[in-house]
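Asker: got a structure for you, letters missing:
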């Protein structure tokens, strides 16, 4: 009797302890979330408060100027859209194909492991290095000195390709092998399995990786500073051979000007950059949701 | 198959269309392909605001001339310039002998123009009421490599016991090169335990928020933030001189005022629009330089440089 009551008291105690531990962890996580979110909200509010007064149609439709109030963002906005579009068109097919090859076709031998290891390492190379590489290979060699928007996009492609490959590989890995087995059992060959079973299943995951990678390409200024170096451009690129500038570079230049109003203009530029980024993300989510719901589910 | 192909196709088409909309796919009015109407400028980010201002004014009424301006830095700009890649190079220092040699090798001849002055300003916190003027020796004592000075009373014995914290441009900056050469006697020789930033606005914030602070940067950044900062006079043996448009312009703010240059490729200069641009530059640089925070030369100095062209 005595011993049983003490053991139940012990049980009670250990239960209380577990509950307490639970709460401590919950509190830690909530605090972590709050810290992250407040930081982000503070940053966004700061940018919005500084930038919104400067945000109007003439800001979007005119070129940069030495006078902050007459400055606009048209050239870098068009440049960014050009670079990102060209980058997406080159990165998506190459990146997805590489991932399919590595996951579905390549054997698990030493060479392929070496390739995968190198791709993972490339994802961590600082972007300036890609800028220098792009200058040497694309600008000097491929386009004989022309610092055009295609050279910028090719450099960005190199920069984000590893991220796209790794994300696509992970998405492909997440497709249950029983799906593949079932398809093989139905007599499908390897390519049929890949195109009708693996790819549709992996698509949402791939899209997330692609969008993250393209978002990085939008935000990079260092490689473009090396490739283009231009920060005052009074035309929009009309051909893939046009000179260009991009949003982060323009924002960077505005922030470092002595005149106070340029900080407001820079904040307005950041808002435009965020809107471009968010609309791209929204598009990707829309595509993902549209194709995630397939008739067989 | 359809399922896979579509999203990527849609994404691509959307992006192409978007780029078309923004860049005006059908019949663009701004033709950037007309290479003959382009004056390409690259080089120092310090000289950038002046060249941008001149180019902006020059293009009013002749929009067909495109004048893209880059910020590769003085050295990076010269690298392109001596290859004949650019028409005009912005520079916050004179061209080096090694760069000149490369230009000769590549058959590039050029003309140098001084476009404005900048006075590097030594600034302290607004609340600092004891320091007004420092000698160049005192500045050297503070900034030289290995300097142990960390308190204002080590600078001058009648200064109060107050920690001295230093703010300055990072080592990539031309301002850093110039300051170390003039004050410490050797380019790039500086103590390294100071708060360094490539963004002068960060230095402005640092000095304005720290009571014991001292920092240095271009005159434009002091002028724009004069309400937040106090500027020190500098005594180079001839008495204390405070940086101002007058003292920088007449050369009495020594040794910290420096010249800003543009270098023009001579064969580009044979093109009428480049020649017009340079003439416009010399006729308007004085006024426009002051608008963006630099100090113009005297009218006669601009004219004598123009006369060399004739």
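Answerer: On my side now, so go ahead. Being a predicted model, the structure only gives us computed values, none of them experimental. Numbers count the residues shown, from 1 in each chain, chains lettered A, B, ... in the order given.

Asker: Find the residue closest to residue B:166 in space, skipping its chain neighbours.
Answerer: Using C-beta to C-beta, 6 or more residues apart in numbering or on different chains and skipping residues adjacent in sequence, the residue nearest residue B:166 is residue B:194, 3.6 Å away. Bear in mind the C-beta positions are built from the backbone N, C-alpha and C, glycine included.

Asker: low-confidence ranges in chain A?
Answerer: By pLDDT under 70, the weakly predicted segments of chain A are A:1-6, A:292-297.

Asker: List the contacts of residue B:41.
Answerer: By C-beta atoms under 8 Å, 6 or more residues apart in numbering or on different chains, the contact list for residue B:41 reads B:51, B:55, B:67-70, B:86-90, B:262.

Asker: After the helix or strand that contains residue A:36, which helix or strand is next?
Answerer: In the assignment (DSSP states H and E), residue A:36 maps to helix A:2-51. For helix A:2-51, the following helix or strand on the C-terminal side (DSSP H and E) is helix A:57-61.

Asker: Enumerate the positions of that following helix that are buried.
Answerer: residue A:59 (16 or more other C-beta atoms under 10 Å in any protein chain shown).

Asker: Report all helices and strands that the next helix or strand along the chain from that helix contacts.
Answerer: Past helix A:57-61, further along toward the C-terminus, the next helix or strand under DSSP H and E is helix A:74-100. Here helix A:74-100 touches helix A:57-61, helix A:149-173, helix A:199-219, helix A:247-255, helix A:261-292, helix B:2-23, going by 3 or more C-beta pairs under 8 Å, 6 or more residues apart in numbering or on different chains; DSSP states H and E.

Asker: what about the shortest one and chain B, touching?
Answerer: No. Against chain B, helix A:57-61 shows no contacts by C-beta under 8 Å from any C-beta of the partner chain, the least distance being 9.7 Å.

Asker: again, but for the second one
Answerer: No. Helix A:149-173 stays clear of chain B (C-beta under 8 Å from any C-beta), getting no nearer than 9.6 Å.

Asker: buried sites along the helix or strand that that helix is followed by?
Answerer: Going down the chain from helix A:149-173, the next helix or strand is helix A:177-185, by DSSP H and E. Neighbour counts using 16+ other C-beta under 10 Å place A:180, A:183 of helix A:177-185 among the buried residues.

Asker: what does helix A:177-185 contact?
Answerer: By C-beta under 8 Å, 6+ apart, the surrounding residues in contact with helix A:177-185 are A:192-193, A:196-198, A:201.

Asker: Please produce a markdown table containing the contacts of residue B:41, extended by neighbour count and secondary structure.
Answerer: A markdown table is the format used below for these (neighbours: other C-beta atoms under 10 Å in any protein chain shown; DSSP: H, G, I helix; E, B strand; the rest coil):
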| residue | neighbour count | secondary structure |
| --- | --- | --- |
| B:51 | 30 | helix |
| B:55 | 24 | helix |
| B:67 | 24 | coil |
| B:68 | 25 | coil |
| B:69 | 29 | strand |
| B:70 | 29 | strand |
| B:86 | 26 | coil |
| B:87 | 23 | coil |
| B:88 | 28 | strand |
| B:89 | 32 | strand |
| B:90 | 31 | strand |
| B:262 | 26 | strand |
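
Asker: near chain B, anything from the helix holding residue A:36?
Answerer: No. Counting by C-beta under 8 Å from any C-beta, no contacts exist between helix A:2-51 and chain B, the nearest distance being 13.3 Å.

Asker: Quick one: list the elements packing against that helix.
Answerer: Applying 3+ C-beta pairs under 8 Å, 6+ apart, one finds that helix A:2-51 contacts helix A:261-292.

Asker: what domains does the record give for the chain?
Answerer: In the absence of a named chain, this looks at chain A. A:2-54, A:61-292 (automatic domain parsing).

Asker: not what I meant, chain B
Answerer: Taking automatic domain parsing as the criterion, chain B consists of the domains B:37-117+B:259-307, B:121-255.

Asker: Just say which of the ones you listed is most tucked in.
Answerer: Highest mean neighbour count among the domains of chain B (mean count of other C-beta atoms under 10 Å in any protein chain shown): domain B:37-117+B:259-307, with a mean of 19.

Asker: where's residue A:120 relative to chain B, distance?
Answerer: From residue A:120 across to chain B, the span is 24 Å (C-beta to the nearest C-beta, to the nearest Å).

Asker: Can you give me the neighbour number for residue A:159?
Answerer: Applying other C-beta atoms under 10 Å in any protein chain shown, we find 27 residues neighbouring residue A:159.

Asker: Give me the pLDDT value at residue B:238.
Answerer: Reported pLDDT at residue B:238 in the predicted model: 86.

Asker: Checking it next. Helix, strand or coil?
Answerer: The three-state assignment at residue B:238 reads coil, by DSSP: H, G, I helix; E, B strand; the rest coil.

Asker: Distance check, it against chain A.
Answerer: Relative to chain A, and taking C-beta to the nearest C-beta, residue B:238 is found at 29 Å.
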